[in-house]
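Colleague: Predicted model and sequence below, questions to follow.
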Amino acid sequence: MMKKGIILACIFMFLGAGIALAAAPKPASGDPIKFGAVLPLADITGKQASRAMQLAVKEINAAGGVLGRPLVVVIADDEMKGEKGAAAIDKLATVDNVYAFIGGMSSGVHMAQLPVLKKYAKPTVWIGAAASSVIEAPMAEQAWYFHLHPWDYQQVGGYITGFKELAAKNPLIKLQKWFIGYEEGAFGTTGYKGFQTLWPQQGWEVSGASFKSALMGGGEYRAALRQAKDYKPDAYLWLGYDADALPMLEQAKEIGFAPPMLIGAPPGWPADFGKSPLAEGVSLFGMWAPSLKEVSKVSKHFWDAYNKEFNEAPATYFAPLGYTNVYVVANAINKVGSLDQDKVIAALKDTKYDSPVGETLTITASRALKNQGFTKQKILQWKKGVQQVLWPLDFKTAEPAYPFPAWDKR
Amino acid sequence: MDMQDNVILKTEKLSRHFWGLVALTQVDIELKRGEILGIIGPNGAGKTTLINVLTGLFPPTEGRIIYEGKDISALPAHIRSRIGIARTFQISRPLVDLTLLENVMTGALFARGLTCPQAIKKASDVCGFMGLQDLDKPVSKLTALEIKKMEVARALSTDPKILMLDELMAGISSDEADEMMDLINKIRGQGISICVIEHVMRVIAALTDRVIVLDWGRTLAEGPYAEVSHNPMVIKAYLGEDA
Amino acid sequence: MKIWKAFVIAALFLAAASLPFYTGTYLLHTIYIIMMYMSLAISWDMLLRAGQLSFGIAGLFGIGGYAATMLQVFTNINPLICILFGAIMAGLISLLIGLATLRLRGIYFAIITLAMAEIFRVIIRNLPDTWTGGAMGIVLNNAIFNGDVKQTYWLVFGILLITIVLSEVFNKSRIHFAITSIRNDEIVAMSSGIDIFKWLVVIFVITSTLQGLVGAAYTEIYGSVNPDANFSVHYSLLPLAMALLGGIRSTWGPVIGAIVLGLAGEYLKLLMPYGYLIIYGLIIILVILFLPDGIMGLIKKLTQKK
Amino acid sequence: MQIVSKLRERRYQAILGAIIMAVIILAVKPEVLLEGIQRSSLYAVIALPMALILGIVGIINLAHGDFMMLGSYMAYWFAVKSGLDPLLAMIPAMLAFFLIGILTFYALIKPVLGSQELNQLLLTFGLGLVLEEAANLSFTSAPLKLSVPYVSASLTIGDLTFGTFEFVYVLAAMLVFYIISLFLKKTRIGRAARAVGQNPKGAKLVGIDVNKTYLIIFSLSIAIIGTIGVLFAMRHSVFPVMGAPYTMKSFCLIAMAGIGNITGILWYSALLGVSESIITAIPGAAGWADLVFFALIVGAILIRSYQQRVK
């Protein structure tokens, strides 16, 4: 009896919503359309992504909502634990009845969510989890699964193209010998393995040494740095976290290691990194930099709106990614004009969205997955305390400083 | 042969050192079947160490322990308990999270390998023998005498052939001590050989067939109490300690 | 009295077993997560009853998970067999560790168990990718029962039942007397004919097998393993907190503690998305300060007064 | 002959072994030894106050690293607000953390002194959780890092270039060790503390105010670890969960040395730090450093227990 009542009520609500939709398209009203986002809220990446999502929701609703109905993003914390991440999907699906799943951060958590996601097979657009070995292949057959963050190997592939283009413009830049200092966890090791497979294909040499990230209680890099110094690389890259950034540079300076190119690839940077004199000339990989606001309107809009809304600067690229995440799904539904899942998925595949990370987001096939969003990260460089974009050249905000300035000449 | 059969436990040149300190040196003792042997000596003479070595808490540094004709020097404590060597402790060691009956049961359960119902029966019998009542009381509510009796009962529930009582009379009144002595005599009556460490000489005099005097880890004298108590060396050892 | 007790237990059992018929997916999922932690908490407590403190739940949890997953990957046999295999492997490994270390006591044994968990993690992370998936881990083709929540619930409930039954056996049989003697006074225990080392090894192996069982079920349910997640220290600490909160050395203490902390975590998260863990920490502090014997201690006090 | 008999003692064997190893490493890769000693000192100086609390108050303080974390945030905050050298923050930190120690003692530690060890353990675990989350709510999880030029100072002798700042940790470890030893041996309260640590009931009988002794030892230890937090922040990133791994490492070190063995902590941290340094210096082996770390701990504990059993 109860069930029937609920179903009837739902039908009436849908009917009501339909009538409301036909009658008055603006502003958003009626029964909300819900997206469910799973993010680690205790971490700054998840916290800022969730805020950026709320920002997008606010804008979308102000502009008429989704199908004229208000959009709601229900956010669930995964606590960076697999089981909590999976339970969050169950909650969003059954308690909140969300239409689509968005969000995402760590691959480790996402691995445990794959079975639940498969169970619901709702449109899922993920902004995190870049580890191809454990995510890409298992999700290859799922038409409803969209992955926006570039896979680990795509990132590495992007760097190859990027550095080649930079070197073509500046013949001083040498790329023959690389040394990778990588953190010993999943993030660093998978990254290093990508370099080990792709670098020799370019005829470039690569070697590496692991270290324990400060995030895991490490913070001693001198052994890895000394090995790098002995190797005399053209470029030294470290795959670690934000907590490793400055201590790593301080220790590099300490042992007198200043390669022609020094690159970092943490997912975020400490807030005050740019203030340190050691930061000057450090190259980095990332999806996004505040300086993009100089060359991209969407970026500028996002930057201003986020600052205004939350009184803080977006410090990680997961903020613009979260913002993009909501827009992409909302746009697809609005384009289709209904919640028909197959059509919405088709529309998602057709996505053309000018995202705040710079590029226009389109969906292409990656190695195994049909629905891959971004395919590369950017090459950036710290200059006078600001991250400038060096590559892709379309978004260039500065010329590369090369070689990396000596420690005592800054 | 006859002699051997008469002796249930004996030590041969038993020594025990702790981190270079000597606690027992070359101790030779014999415990005869059905006898009550007293072990006396000033504090620190090695009495408790002797019991600890005999029951297997520590292995001897040198020497052998022969029990019923077999060398048991290398056997661990729980095996010695199973083959019939039981003891009580100088400072009572009740198992605080168990009741009175359960305390007594442990011996029957593990040394005799009885099932729980059998052990309950056995323990109740032993407690009855010892005059213990209210068997479901937690040990925290027991009197000093009851705890002492409980310790004896726990030892008896292992069906021992030898019972070693370490200062059983300490901390109980003289009337209670008389009651305890009666019980000990009854236990001997069941054919159990008993080894008593005691400071209360009245008890030693009344109870024992024979005493061994230890001093500085050595055997100082041996014989019936009446004889030994007049031994000048023994008197000196005690007085020396007092002086 | 006894009939009453049996009736209550039967009613509880039926209610728990039939939960999937009238509970939503999310609640069911939350409950079986809590049940997994509950099993870990009870098994941890079972070792504690013998006087040994373990910080190594995560290690055995992870070993069980890895063993199950690797068997699944290499043979693709029935996941239930893999779960069993995971449990057995955890048991075997704990047997070796127990034989080597169970002469230690107190924090020395505790540290060894902690170190053991870390050592497993480092070894698994450094093994070739083709074996353990290295630092990234392994994803299975599918979760057990294709992710069906009801059957998953029954699986976890079954594991919890096994744990509870074993825990009750620990409390009601001769094992109870052995471990209580060992905990209270090892010298008395020896003198009562208890082979302490043997008992400790047996109990360590049983509780470790249970922890491996939960870990193996966990990986089959979520279809994946990776060294950082499956050996995460929170699998050691959270069950410990649950058991202490509920009241140690009983079956129902850890059960209550797991329910309280598990549900509190889940609801606080809804009330206070950012930083609810601070409340969680405060709950722990307040309970220790005001209910030193845990919630079970409070219940006992209240019922004794009547 | 005297030398030979001294060599029988374990302590001298250890010293001799350490010297031989040091000479070998010094000859091949001197920087490995130097960096190992620097790292060892950091381990030791963090573990020492925790050992003091465990040895005398009898509490395993699982929030130990979190107090260090607070100290590090304080250093950051001090340097940013005042513009002064963050090292100067050590003085206010010492005072502030002594007070924090007193408050923590009265609010949390004293009420559980009589209860079971596990409750004390869980209490400090809860406290650690609260401190970490409070830091997370106030400062977010994003790391902060002081930017002080002299922490990357180095010295070059011939081919060898090595960092000099971390000798501050060596100095700190020596200083803390001597302060603790002197305090325990020479002061009245220190002697009382040792008595209390060995036998609280007995100490009470001879008229020592056990609670006051606990209070002073606890607050002193918190003051030390808070101050170490300042030193730590000079060279490391500061974020809410930075302390937790050091709590674990310190706990391991204390177990390795044996409770109450303050000198042992210096030796064993040297063993751990230098061997870690050696492992990480071998190309390709760095990933196994943790294994060596924990294997050494397990080995040390097992060997000691075996030796005690044989005796």
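Modeller: Right, received. Where do you want to start? Only a predicted model underlies this, so the values are computations on that prediction, with no experimental measurement involved.

Colleague: so where's the chain shaky on pLDDT?
Modeller: The chain I'm using is chain A. Scanning chain A for pLDDT under 70 picks out A:1-28.

Colleague: Can you look at chain C instead?
Modeller: Looking at chain C by pLDDT under 70, you get C:1, C:305-306.

Colleague: tell me which element the residue sitting nearest the centre point of it is part of?
Modeller: The C-alpha lying nearest the average C-alpha coordinate of chain C belongs to C:Leu40 (CA atoms, centre = their mean; 0.7 Å). Element membership for C:Leu40, per DSSP states H and E: helix C:25-48.

Colleague: does that helix come close to chain A?
Modeller: Yes: interface with chain A: helix C:25-48 contributes C:Thr25, C:Tyr26, C:His29, C:Thr30, C:Ile33, C:Met36 (CB under 8 Å from any CB of the partner chain). (Glycine included, C-beta is placed from N, CA and C.)

Colleague: coming back round to it: what's near enough to touch the residue nearest to the centre of chain C?
Modeller: Neighbour list for C:Leu40: C:Ile57, C:Phe61, C:Leu210, C:Gln211, C:Val214, C:Tyr235, C:Leu238, C:Pro239 [criterion: CB atoms under 8 Å, 6 or more residues apart in numbering or on different chains].

Colleague: isn't the last one right up against C:Met36?
Modeller: The reference is to C:Pro239. No: C:Pro239 lies out of contact with C:Met36 (CB atoms under 8 Å); the separation is 9.3 Å.

Colleague: What is the neighbour count of the closest residue to chain B within the stretch 151-300 of chain D?
Modeller: Nearest to chain B in the stretch 151-300 of chain D, going by CB to the nearest CB, is D:Lys201, at a distance of 14.4 Å. Number of residues near D:Lys201 (other CB atoms under 10 Å in any protein chain shown) recorded here: 8.

Colleague: helix or strand for it, which one?
Modeller: Assessed by DSSP H and E, D:Lys201 sits inside helix D:200-205.

Colleague: Ok, A:Tyr182 next?
Modeller: Assigned by DSSP H and E, A:Tyr182 belongs to strand A:177-183.

Colleague: ok so, going back, the helix holding D:Lys201 - contacts with which helices or strands?
Modeller: With contacts taken as 3 or more CB pairs under 8 Å, 6 or more residues apart in numbering or on different chains; DSSP states H and E, helix D:200-205 sits against helix D:188-198, helix D:210-235.

Colleague: 6 Å instead, please
Modeller: helix D:210-235 (3 or more CB pairs under 6 Å, 6 or more residues apart in numbering or on different chains; DSSP states H and E).

Colleague: pLDDT on whichever helix or strand comes after the helix it packs on, on average?
Modeller: Following helix D:210-235 in sequence order, the next helix or strand is helix D:244-257 (DSSP H and E). Averaged across helix D:244-257, the pLDDT comes to 92.

Colleague: how far is the helix or strand hosting C:Leu286 from where the chain is centred?
Modeller: Using DSSP H and E, C:Leu286 sits within helix C:277-290. Its chain's C-alpha centre and that of helix C:277-290 lie 21 Å apart, by CA atoms, centre = their mean, to the nearest Å.

Colleague: Phi, psi for B:Val27 please.
Modeller: phi -90, psi 130 (degrees, to the nearest 10).

Colleague: is the helix or strand harbouring C:Tyr235 anywhere near chain A?
Modeller: C:Tyr235 belongs to helix C:234-246 when assigned by DSSP H and E. No: between helix C:234-246 and chain A, judged by CB under 6 Å from any CB of the partner chain, nothing touches; the nearest distance is 7.3 Å.

Colleague: Any residue of that helix touching chain D?
Modeller: Yes: Helix C:234-246 comes into contact with chain D (CB under 6 Å from any CB), by way of C:Ala241, C:Leu244.

Colleague: on that earlier part again, centre of the chain versus the helix holding C:Leu40, how much separation?
Modeller: Using CA atoms, centre = their mean, the offset of helix C:25-48 from its chain centre is 6 Å.

Colleague: Just the buried residues of it, please?
Modeller: C:25-48 (16 or more other CB atoms under 10 Å in any protein chain shown).

Colleague: Show me what the helix or strand containing D:Gly299 is in contact with.
Modeller: Element membership for D:Gly299, per DSSP H and E: helix D:289-310. Helix D:289-310 is contacted from outside by C:104, C:108, C:112, C:115, C:118-119, C:122, D:252, D:256, D:272, D:275-276, D:279-280, using CB atoms under 6 Å, 6 or more residues apart in numbering or on different chains.
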